[in-house]
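Student: sequence first, then the predicted structure, then my questions.
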Amino acid sequence: MQIEAIQDHQTVNEPDLRKLKVMIVDDEPMICETLKIFFHSMGINSIKTVNSGEMALSAIEGARYDYIFMDLMMPGISGIDTLKKIKEIHQYTSVIIMTGYPSMDTVINAMRNGASDFLIKPFRLQDIKIILERIHRFQILMEKNWLLHQELEGKKQVEKLNTELEKMIAHQSRMYDIVDSLSRISKSEDLYKFIVTKSIDSCNAGKACFMLFEHGEPELLVLSQQGMQDIYPGYRICINSNSNGKLFLGGSFLEKHFSKSIEEGLNISNYGTKINNNIIAIPFHIRNEPFGLLIIGNKNGGKLFNDEDKFILMFLAERTALNIENIALYNNLTQSLMASLTSLVSAIEAKDSYTQQHSSRVTEYSKKIALRMGCSYDDIHRLESSGPIHDIGKIGVHDSILNKPGLLTSEEFEEIKNHPLIGLNIVAPLGLDPDEQAIIRNHHERWDGKGYPDGLSGENIPRLSRILSVADSFDAMNSNRAYRKSLPFSVCIRELRTNSGTQFDPDVVEAAVSIFNSDPEISDYPI
C-alpha cells in the first residue's frame, strides 16, 4: 500500500494489483522465474528479479517497491543486512523473507529489523496470496491506527486496534514456534506427542487425542493423548457410518471423555467441524488422503474455542503432516539401506562357513544381556539396528587375513584393527545416533584400556559397546574358526569370568553368564 494513500486519508479495501511494484531477490533462477510468472498471473505487471542483496540495494536507490520477496541466505551481503538497509531507505516497503532454514532466533531477528512476514521453503504459491492478504490487512489496521491518533478520537478503538496488532504478532510467533519445534523432531513417536502437547498449550485446553485412520478398518488407532483416563497408545476407538456413507465418532466416547452428550456423535467426514465450540476436530492429510484426526476439548476456565484456536490447529496439522511424510520416507530409506547392509554382512559371512550367522547370534545375545541389565527399549532397538552390521567394516579387510588358519602377523592384525572405523564410514550416511555409531566403532575396546580403535577404558566405553563386546567374544569362542575348533561351553564361560575386569565389564559378564547358563539352546549354536 502506498504511503501517499495514508497521507491522503484514503480508505483502502482492496489493493490495485496493476499498480503494485514487486521485487524478487534470490540466487536461484528457478525460484525467481516461477514467482515472476505467478505474480504476472495475479495481474501484477511491474516485477523485477535480482540475484543478490547488492543488486537489490542498487535497484531501490531510484525506485520504491511495495513488496520485496527476499531469500535469507545469499552470496555476498546477507538477507538480514539487506533488509536493514532497505528499511533505512524505504521504511514502508513490505519485505517478505524466504528461507529453508527457519529458527525462532532468525524469525525474531528479522521481525525486529522490519520483516513483514516469512515464507518457509518449500512453500506453495497459495501461501503467497495468504501473506499478501495478511500484510494488506495489517496495513489497513496501521492506517486506521494512524488516522485515529491524528484526529485524537476513538481512544477505545485505538486500544482495540493495538490489542489486535499484539494478537497478530503473538499469533505469528506461535506459528513460527511450531515450525521451529518441528524442525528439531526426527522420530514419529516424538512427533505424535508434540501434536497433542502443542495443541493443548496453544488452545489452553484440558484434553487432546491424536488418532490414526486405519484404512479398511472401522476404527481409529490412538497414537498419543493427554488428559484422558483409560486411553493409551494402541487403544482402538470404533467409528460408525450412516446410510450416506458419512463417518461418525460415537457420542458415548465424547460424553465419557469430553463431558459432552452428543447423540448423533461427531461427524468426522466433515473435517474441521466445531460442536457448540466445546470440541474441535482437525484432520491430518498426506497427499490429499486422510491420515489422522486430532480431537481437542475442555478449554480451561469454561471458555469456548474460537476461530483463532481452529486456525492455529489447522496450521499445526498442515505443517505436521509434512513432517510425518518426511519422517516416513526417511525411515523407509534408512530401513532399506540397513536391510541392504545386513544382507551384505550375511553374504560376507556366508563365504566362510565358520562365521555364518555370527552377527545375528551376537545381536540376539546382546539383546538378552541388555534386557537382563535393565536397558531401555530404545537401547534394545539400537542393538537391533547396529548389531547385525557391527562387523560391516570387515568388507575392507582382505579375505586371506580374515580366513587365515594360523596366527596373524603384526601387520595383518593392524589391518584387522581398522575394521571398526571402516564400518563407521560405511554407515555414516544412515544418520545413526551416537549410541548406535558407538556399537560399530567401539565393540573392540577393553575394560583395561588396551582395546581399539580409541583405547577407551572402564565406563568411558559406551555401555552398549561393552554388552556387544561380551556377546561377540562368547560367540567367537563358542563357534568353529579357521584357526581352531569351538571351545566347550564350560570353557567359554570360564574365559568370560577370567577376563572380567580386564577385557570385559564385570557387570556385563555377570549378566551374560546368567543368561547363557539359563538358556540350554545357546550351547547348541556351535557349527
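Tutor: It's in.
Student: alpha carbons only for contacts and neighbour counts from here, please
Tutor: OK.
Student: domains of this structure?
Tutor: According to automatic domain parsing, the chain comprises the domains 3-182, 188-326, 351-524.
Student: can you flag the weakest of these by average pLDDT?
Tutor: Set side by side, the domains of the chain differ in mean pLDDT, and domain 188-326 is lowest with a mean of 75.
Student: need the domains of the chain in a markdown table with mean neighbour count, can you?
Tutor: Formatted as a markdown table, these follow (neighbours: other C-alpha atoms under 10 Å):
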| stretch | mean neighbour count |
| --- | --- |
| domain 3-182 | 16 |
| domain 188-326 | 17 |
| domain 351-524 | 18 |
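Student: pretty sure residue 234 is in a strand, no?
Tutor: No: read with DSSP: H, G, I helix; E, B strand; the rest coil, residue 234 is coil and lies in no strand.
Student: got the contact list for it?
Tutor: Residues near residue 234 by C-alpha atoms under 8 Å, 6 or more residues apart in numbering: 221-223.
Student: gap between it and residue 220?
Tutor: Distance of residue 234 to residue 220, given as C-alpha to C-alpha, to the nearest Å: 9 Å.
Student: please apply the same query to residue 52.
Tutor: As for residue 52, its distance to residue 220 is 51 Å (criterion: C-alpha to C-alpha).
Student: same check on residue 307?
Tutor: Residue 307 sits 26 Å away from residue 220, going by C-alpha to C-alpha.
Student: also residue 442?
Tutor: Going from residue 442 to residue 220 by C-alpha to C-alpha gives 44 Å.
Student: and residue 377, by the same measure?
Tutor: Residue 377 sits at a distance of 25 Å from residue 220 (criterion: C-alpha to C-alpha).
Student: kindly report the same for residue 290.
Tutor: From residue 290 over to residue 220 the distance is 12 Å, taken as C-alpha to C-alpha.
Student: likewise for residue 381?
Tutor: According to C-alpha to C-alpha, residue 381 and residue 220 sit 27 Å apart.
Student: with residue 39 instead?
Tutor: In terms of C-alpha to C-alpha, residue 39 sits 43 Å off from residue 220.
Student: quick check: longest strand of this structure.
Tutor: Ranked by residue count and defined by DSSP state E, the top strand of the chain is strand 289-299.
Student: just to revisit the earlier point, of the contacts of residue 234, which belong to strands?
Tutor: Of the positions in these, 221-223 sit in strands, assigned by DSSP E.
Student: could I get the residues you listed as CSV with distance to residue 255?
Tutor: Formatted as CSV, the ones in strands among the contacts of residue 234 follow (distance: C-alpha to C-alpha, whole Å):
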residue, distance to residue 255
221, 19
222, 18
223, 21
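Student: relative to residue 48, which of those residues is nearest.
Tutor: Of all the ones in strands among the contacts of residue 234, residue 48 sits closest to residue 223, with 48.3 Å by C-alpha to C-alpha.
Student: so what does residue 67 have for phi and psi?
Tutor: Per-residue torsions, residue 67: phi -130, psi 140 (degrees, to the nearest 10).
Student: so who does it touch?
Tutor: Residues in contact with residue 67, defined by C-alpha under 8 Å, 6+ apart, are 20-23, 93-96.
Student: before we move on, back to that, what touches both of residue 290 and residue 220?
Tutor: Residues touching both residue 290 and residue 220 (C-alpha under 8 Å, 6+ apart): residue 213.
Student: mind checking which helix or strand the closest residue to residue 298 other than its chain neighbours is in?
Tutor: The shortest distance from residue 298 to any non-neighbouring residue, by C-alpha to C-alpha, 6 or more residues apart in numbering, is to residue 206 (5.0 Å). Assigned by DSSP states H and E, residue 206 belongs to strand 205-213.
Student: what pairs with that strand, parallel or antiparallel?
Tutor: Using DSSP bridges, the strands paired with strand 205-213 in its sheet are strand 219-226 (antiparallel), strand 289-299 (antiparallel).
Student: out of these, nearest to residue 466?
Tutor: Comparing the strands paired with strand 205-213 under C-alpha to C-alpha, the one sitting nearest is strand 219-226, at 34.3 Å.
Student: export only the CA atoms of the closest one, formatted as CSV.
Tutor: The C-alpha trace of strand 219-226 is given here as CSV (Å, rounded to 0.1, in the frame of the first residue of the first chain):
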residue,chain,number,x,y,z
GLU,A,219,-11.7,-48.0,14.0
LEU,A,220,-9.3,-45.2,14.9
LEU,A,221,-6.0,-46.1,16.5
VAL,A,222,-4.8,-43.8,19.3
LEU,A,223,-1.2,-42.7,18.9
SER,A,224,-1.0,-40.1,21.6
GLN,A,225,-3.3,-38.4,24.2
GLN,A,226,-3.2,-36.1,27.2
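Student: residues contacting that strand, please?
Tutor: 192-193, 196-197, 206-214, 231-239.
Student: make it 6 Å
Tutor: Residues from elsewhere that reach strand 219-226 (C-alpha atoms under 6 Å, 6 or more residues apart in numbering): 192-193, 207-213, 233-239.
Student: before we move on, which element is residue 414 in?
Tutor: For residue 414, the host element (DSSP H and E) is helix 410-416.
Student: that helix packs against which elements?
Tutor: Helices and strands touching helix 410-416, by 3 or more C-alpha pairs under 6 Å, 6 or more residues apart in numbering; DSSP states H and E: there are none.
Student: which secondary structure elements does the helix or strand harbouring residue 171 contact?
Tutor: Here residue 171 sits within helix 155-182, counting by DSSP H and E. Using 3+ C-alpha pairs under 6 Å, 6+ apart, no helix or strand is in contact with helix 155-182.
Student: from the chain's centroid, how far away is that helix?
Tutor: Offset of helix 155-182 from its chain centre (C-alpha atoms, centre = their mean, to the nearest Å): 26 Å.
Student: next one: stretch 462-472
Tutor: Per C-alpha atoms, centre = their mean, the centroid offset for stretch 462-472 relative to its chain is 30 Å.
Student: using PDB, write out every CA atom in that stretch.
Tutor: Extracted in PDB, the C-alpha atoms of stretch 462-472 (Å, rounded to 0.1, in the frame of the first residue of the first chain):
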ATOM      1  CA  PRO A 462      29.700 -46.800  25.800                       C
ATOM      2  CA  ARG A 463      27.500 -49.300  27.600                       C
ATOM      3  CA  LEU A 464      26.000 -51.000  24.500                       C
ATOM      4  CA  SER A 465      29.500 -51.500  23.100                       C
ATOM      5  CA  ARG A 466      30.500 -53.200  26.300                       C
ATOM      6  CA  ILE A 467      27.500 -55.500  26.000                       C
ATOM      7  CA  LEU A 468      28.100 -56.400  22.400                       C
ATOM      8  CA  SER A 469      31.800 -57.000  23.100                       C
ATOM      9  CA  VAL A 470      31.000 -59.800  25.600                       C
ATOM     10  CA  ALA A 471      28.400 -61.300  23.200                       C
ATOM     11  CA  ASP A 472      30.800 -61.100  20.300                       C
END
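Student: contact partners of it?
Tutor: 362, 365-366, 439, 442-443.
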